[in-house]
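Student: 3D model of this:
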Amino acid sequence: QLGRARTNPVPHEHGCAIAIRRDPAPVRVSAPIMFCHRSPLLLLTVLFGANACADDTAIVGSARAPDVDAATPARCGGALGHMTLLSSGWNHVFAIDEQARGWAWGSNNEGELGVCDRKDRTMPAQIDSQSWAKLAGGSRHSCGIQQDGALYCWGTNVHGQLGTGDTTSSTMATTPVGTERWRDVACGGLHSCGIQEDGTLWCWGANPAGQLGLPGVTADQPTPRRVGADSDWHAVVAKARFTCALKRDATLHCWGDNSNGQLGLGTEGDGNAPTAVAPQLRFAAVAAGPLHACAITTDAELYCWGQGASGQLGVGGTEDQSLPTRVDERRDWSAVALGFDHTCAIGDGALHCWGANHGGQLGLGDRTQRRSPALVDDTRSWSAVALGMSHSCGLASGGEVLCFGDSARGQVGDDSTVPHLKPTHSCLPQ
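Tutor: Numbers count the residues shown, from 1 in each chain. Predicted structure coming up:
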């Protein structure tokens, strides 16, 4: 019985998203349901649960209907939800909960949220009914790895960044990227990279700066292309037109755009193949922004390099750095994330941010730029952080998500579109 039983939002092949009860027996509709235009098969969808989506249609009726399952309504304030993973695209955010459900909110111009339409979400919306292991966002496309290792990408596909062999965009996870099993994925501005279970690294999409890591190739690649011959890759990150990846031996390698020294090689000029960064160091984590990068060593030391005009390197100045430069030697760092021109990291369990602050993305209660790490919050134990263009989100103890900064597209996830100068709970279901 729709409207009362536990339901899941299911996209219809003619463009609507409706809630259905997945029972083998016929369903009696006893409450109002949402409908969409060009949908003569709506009743069949209710009865049989078609699971497809047309990209050129939009939901009509209640704009809030697909945001949160009616059986588990979101509420703000206090310890909300129990999220285990957090990530961010340029203007949209993803979270995965303890049940492996994926949630998305923020900008959705090109269907980058994966919720079967192109409407922004100011509150988290569930991404179909699949179980997710990893979600990653780019500028206006996203990718996700399901629990079984299958990789899907959605959103804009002008440069083949969805990896499906064509340039057809999609507003939901419909076509897997190959038949292989994947363990990591990253989305740049217009490209994507992933690591398969066998440790091989693959990239696809736009390639003007060599960000795909294919020597001698600058053309777009609509299907995954293997990067080199190595099979010991561990993690990969991207944000705009360059890519960095860690190997199992904890060495760091970067390639692509180097306009501000963001490859960390101490040299000028773009690179079209993975090149070791600070080979004397061993790294446990790495993060990329459009024009700067940061990494944490296995000894919990934080290094940043690239563009520094807004103080985003955290070294006290605004000069670019073409080599990794140590940040705040007093702390043990455990996680770092980069926005366009700001940075946040977790040091000694506390959240710190620095760099540009025009949208309040540093979470300090003002809009003043900082050139070195500034304490945001030490009352919680923070485990992860994710940054977009001018917003920031953190994962705190208990699995609660708090966001701050620009929310013009709903990036904070609290059902508002106004900037938030301090950490604010995102409305996620229990």
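Student: From now on I want contacts and neighbour counts done on CA atoms only, so please keep to that.
Tutor: Will do.
Student: Now do the phi/psi pair for Ser397.
Tutor: phi -60, psi 140 (degrees, to the nearest 10).
Student: Setting the sequence-adjacent residues aside, check what's closest to it.
Tutor: Nearest non-adjacent residue to Ser397, counting by CA to CA, 6 or more residues apart in numbering: Ser381, 5.3 Å away.
Student: pretty sure the one you found is touching Gly398, no?
Tutor: No: using CA atoms under 8 Å, Ser381 is not in contact with Gly398, being 9.0 Å away.
Student: rewinding a little: and the residue nearest to Ser397, how far from Asp366?
Tutor: 23 Å (CA to CA, to the nearest Å).
Student: wait, is Gly398 part of a helix?
Tutor: Yes: counting by DSSP: H, G, I helix; E, B strand; the rest coil, Gly398 is part of a helix.
Student: wait, what's in contact with Ala309?
Tutor: Listed by CA atoms under 8 Å, 6 or more residues apart in numbering, the contact set of Ala309 reads 318-320.
Student: tally of neighbours for Asp378?
Tutor: Asp378 sits with 14 neighbouring residues when counted by other CA atoms under 10 Å.
Student: thought it was touching Gly349?
Tutor: Yes: taking CA under 8 Å as the definition, Asp378 is a contact partner of Gly349 at 7.2 Å.
Student: related to what we said a few turns ago, restricted to helices, list the contacts of Ala309.
Tutor: Counting by DSSP state H, the contacts of Ala309 place none of their members in helices.
Student: Show me which of these is closest to Gly155.
Tutor: Asp320 (33.0 Å; CA to CA).
Student: State the distance from that closest one to Pro274.
Tutor: From Asp320 across to Pro274, the span is 22 Å (CA to CA).
Student: So which of those two has more stuff around it?
Tutor: Ranked by neighbour count (other CA under 10 Å), Asp320 and Pro274 place Pro274 first, with 23 against 20.
Student: wait, doesn't the more buried one sit right on Thr251?
Tutor: No: with contact defined as CA under 8 Å, Pro274 does not count as touching Thr251 (11.1 Å).
Student: picking that back up, among the contacts of Ala309, which one lies nearest to Ala374?
Tutor: In terms of CA to CA, no member of the contacts of Ala309 lies closer to Ala374 than Thr318, at 15.8 Å.
Student: Hmm, Arg371 and the closest one touching each other?
Tutor: Yes: between Thr318 and Arg371 there is a contact under CA under 8 Å: 7.4 Å.
Student: quick one on the thing from earlier: tell me, how many neighbours does the residue nearest to Ser397 end up with?
Tutor: Ser381 has 16 neighbouring residues, counting by other CA under 10 Å.
Student: ok, it - contacts?
Tutor: Here Ser381 is in contact with 349-350, 396-397 (CA under 8 Å, 6+ apart).
Student: Overlap in contacts, Thr318 and Arg371.
Tutor: Common neighbours of Thr318 and Arg371 are listed as 310-312 (criterion: CA under 8 Å, 6+ apart).
Student: mind putting those residues in a markdown table, distance to Asp341, pLDDT and neighbour count included?
Tutor: A markdown table is the format used below for these (distance: CA to CA, whole Å; pLDDT from 0 to 100; neighbours: other CA atoms under 10 Å):
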| residue | distance to Asp341 | pLDDT | neighbour count |
| --- | --- | --- | --- |
| Ser310 | 6 | 98 | 21 |
| Gly311 | 8 | 98 | 24 |
| Gln312 | 6 | 98 | 36 |
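Student: Look at Thr318 and Arg371 and report which has more neighbours.
Tutor: Under the neighbour definition other CA under 10 Å, Thr318 and Arg371 were set side by side, and Arg371 has more, 21 against 16.
Student: ok, the residue lying closest to that one once chain neighbours are set aside to Asp232 distance?
Tutor: Of all residues not flanking Arg371 in the chain, Gly311 sits nearest, at 4.1 Å (CA to CA, 6+ apart). Remark: distance between Gly311 and Asp232 (CA to CA) = 34 Å.
Student: How about Thr424?
Tutor: 39 Å.
Student: Neighbour count: these two, which is higher?
Tutor: More neighbours surround Thr424 than the other of Thr424 and Asp232, with 20 against 15 (other CA under 10 Å).
Student: Show me the helices in this protein, by range?
Tutor: Using DSSP H, the helices of the chain run over residues 42-48.
Student: any idea which helix or strand of it has the worst average confidence?
Tutor: Lowest mean confidence among the helices and strands of the chain (mean pLDDT, DSSP states H and E): helix 42-48, at a mean of 29.
Student: Around the residue lying closest to Val336 once chain neighbours are set aside, count how many other residues there are.
Tutor: Once flanking residues are discounted, Val336 sits nearest to Ala345: 4.1 Å by CA to CA, 6+ apart. Neighbours of Ala345 under the rule other CA under 10 Å: 29.
Student: just Thr168 next, same as before
Tutor: As a burial measure, Thr168 scores 15 neighbours (other CA under 10 Å).
Student: Can you tell me the closest non-neighbouring residue to it?
Tutor: With sequence-adjacent residues excluded and distances taken as CA to CA, 6+ apart, Thr168 is closest to Asn157, at 5.8 Å.
Student: Please tell me how far that neighbour sits from Cys353.
Tutor: 33 Å.
Student: Looking at the two, which is more packed in?
Tutor: Between Asn157 and Cys353, Cys353 has the larger neighbour count (other CA under 10 Å), namely 29 against 25.
Student: I figured the more buried one hits Leu362, correct?
Tutor: Yes: under the criterion of CA under 8 Å, Cys353 makes contact with Leu362 at 5.3 Å.
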